[in-house]
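**Q** Please work out how this folds:
(one chain, ligands or ions: 1)
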Amino acid sequence: MADTPDFQLYQHKGFYFISGIHSAEDLDKLKDCEIRDTDIFTITYPKSGTIWMQQILCLIDAKGDLSVTDKRLNADRVPWVELTENAKKFDSAPSPRMQVSHLPYYLAPQGLRQKKGKVIYVARNPKDVLVSYYHFHKLAVIMETPKDFNEFFNKFMEGRVCGSCWFDHITGWYTHKDEMNFLYLTYEEMIQDLKAAVLKICSFLGKQLDEQQIANVVKHCTFEQMKNNLNANYETISESLLNHKIGKFMRKGTVGDWKNHLTVTQNEMFDQVFQERMRKLPLKFVWDISEFKICS
Ligand code: PPS
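**A** Numbers count the residues shown, from 1 in each chain. Predicted structure coming up:
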């Protein structure tokens, strides 16, 4: 019988990774890898819209033609650079290299800070991140199943999860953004107006798509379309990584689900930490889907 890797949370240089899928040796090499001008890195804290960006980048690259993306998983076209198998191939991969990553600013390839390549940072309101991550922990074989929501809430607030602390992640990237070719996007703005977000991404990447091509990108990147697309919904990811009987990776795809999970006390505690930790960042988040109507 083949050996099953032992998936354990471990720290490397102050950041939590998972043994069996992340190797410290490859992570260190990645930091020094040469970055090309054509490289595109999507950076996210987990559960902030990573696979959404995998799909968007694939479709932009295919000028909206879904059939071009038909034969391969989007996670293979736009791989996670820090996963051991991908990290090993990164240096020799053909251009243009499109990658996603949860790495913190200080462990990412240093060339990005010399304005080589492009970085798209996607942030999501952290209460919804917490809730999405809680459900994902139940689904993911590689992560410890939480005893209950309260236990996971505490772990998340302490940053004892793969990806470490949400506040550190966004602060690290955002405060160094001027050193990079950097686009900041939010999950919520993608929910509110996907076409506007796609146009922003195209402009940042210097991609010229016509109206119909943009409309096709948007069409194939909606939650409903992705949910039913086996190349985009992660339902074919091995059972040794995701237990598909427990739930779906494409779960709710909305804004404000935290209201169905956090207690009043948890919410107050969260707000207090949020105010302290985000005081110096000029970032605003949308916490509920109803806020869109107020804005428009
Ligand atoms: S991971 O595991 O870190 O890669 O997860 P990630 O892909 O970053 O985030 C998963 C959440 O993103 C939602 N998602 C979407 N929402 C809206 N529209 C589209 N097209 C879309 N694609 C993915 C996905 O449903 C997860 O959120 P939750 O709240 O759990 O539904």
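**Q** and the gap between the residue nearest to Thr38 when sequence neighbours are not counted and the ligand?
**A** Using Cβ to Cβ, 6 or more residues apart in numbering and skipping the chain neighbours, the partner closest in space to Thr38 is Pro96 (4.1 Å). Using the backbone N, CA and C atoms, a C-beta is placed for each residue, glycine as well. Distance of Pro96 to the ligand, computed by Cβ to the nearest ligand atom, to the nearest Å: 21 Å.
**Q** One more: Gln11?
**A** Note on Gln11: its distance to the ligand, by Cβ to the nearest ligand atom, is 19 Å.
**Q** count of neighbours near that residue?
**A** 11 (other Cβ atoms under 10 Å).
**Q** now do the one 10 residues further on
**A** The tally of other residues near Ile21 (other Cβ under 10 Å) stands at 17.
**Q** who's in contact with it?
**A** Contacts of Ile21 were listed using Cβ atoms under 8 Å, 6 or more residues apart in numbering, and they are 5, 7, 83-84, 142.
**Q** Show me these that map onto helices.
**A** Taking DSSP state H as the definition of helices, the contacts of Ile21 contribute Thr84.
**Q** Output the contacts of Ile21 in a markdown table; the columns should cover pLDDT, neighbour count and distance to Asn267.
**A** Formatted as a markdown table, the entries for these read as follows, by pLDDT from 0 to 100; neighbours: other Cβ atoms under 10 Å; distance: Cβ to Cβ, whole Å:
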| residue | pLDDT | neighbour count | distance to Asn267 |
| --- | --- | --- | --- |
| Pro5 | 70 | 14 | 37 |
| Phe7 | 90 | 18 | 31 |
| Leu83 | 94 | 17 | 34 |
| Thr84 | 92 | 16 | 38 |
| Ile142 | 93 | 17 | 29 |
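**Q** Looking at the contacts of Ile21, spot the one nearest Gln208.
**A** Closest approach between those and Gln208, by Cβ to Cβ: Leu83, at 32.0 Å.
**Q** quick one, phi/psi of that closest one?
**A** phi -70, psi 140 (degrees, to the nearest 10).
**Q** Could you find the closest non-adjacent residue to it?
**A** With sequence-adjacent residues excluded and distances taken as Cβ to Cβ, 6+ apart, Leu83 is closest to Ile21, at 5.5 Å.
**Q** tell me the contacts of the residue nearest to the spatial centre of the chain?
**A** A centroid search over the chain (Cα atoms, centre = their mean) returns Thr50, at 3.0 Å, as the residue closest to the centre. In this structure, Thr50 makes contact with 42, 44, 100, 102, 122, judged by Cβ under 8 Å, 6+ apart.
**Q** 7 Å instead?
**A** Going by Cβ atoms under 7 Å, 6 or more residues apart in numbering, Thr50 touches 42, 44, 100.
**Q** isn't there a strand covering the first one?
**A** In this case it means Thr42. Yes - note on Thr42: a strand contains this position according to DSSP: H, G, I helix; E, B strand; the rest coil.
**Q** For it, grab the count of nearby residues.
**A** Each residue near Thr42 was counted by other Cβ under 10 Å, and the total is 27.
**Q** what's the span of stretch 67-76, first residue to last?
**A** Using Cα to Cα, to the nearest Å, the gap from the first to the last residue of stretch 67-76 comes to 16 Å.
**Q** for stretch 208-224, that is, sorry about that
**A** Where stretch 208-224 starts and where it finishes are 26 Å apart, if you go by Cα to Cα.
**Q** Show me which positions of that stretch end up buried.
**A** Of the residues in stretch 208-224, those with enough neighbours to count as buried (16 or more other Cβ atoms under 10 Å) are 209, 213-214, 216-218, 220-221, 223.
**Q** and the protein, which residues reach the ligand?
**A** Proximity of the chain to the ligand is confined to 44, 46-52, 128, 132, 135-136, 221-223, 226, 250-253, 257 under the rule Cβ under 6 Å from any ligand atom.
**Q** and the residues you listed, which are buried?
**A** The neighbour-count test (16+ other Cβ under 10 Å) applied to the residues of the chain next to the ligand identifies 44, 46-52, 128, 132, 135-136, 221, 223, 226, 250-251, 253, 257 as buried.
**Q** Return the subset of the residues you listed lying in helices.
**A** Secondary structure from DSSP H places 50-52, 128, 132, 135-136, 223, 226 of these in helices.
**Q** Using CSV, please lay out the residues you listed together with pLDDT.
**A** Written out in CSV, the entries for those read as follows (pLDDT from 0 to 100):
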residue, pLDDT
Thr50, 97
Ile51, 96
Trp52, 97
Asp128, 98
Ser132, 98
His135, 97
Phe136, 96
Phe223, 97
Met226, 95
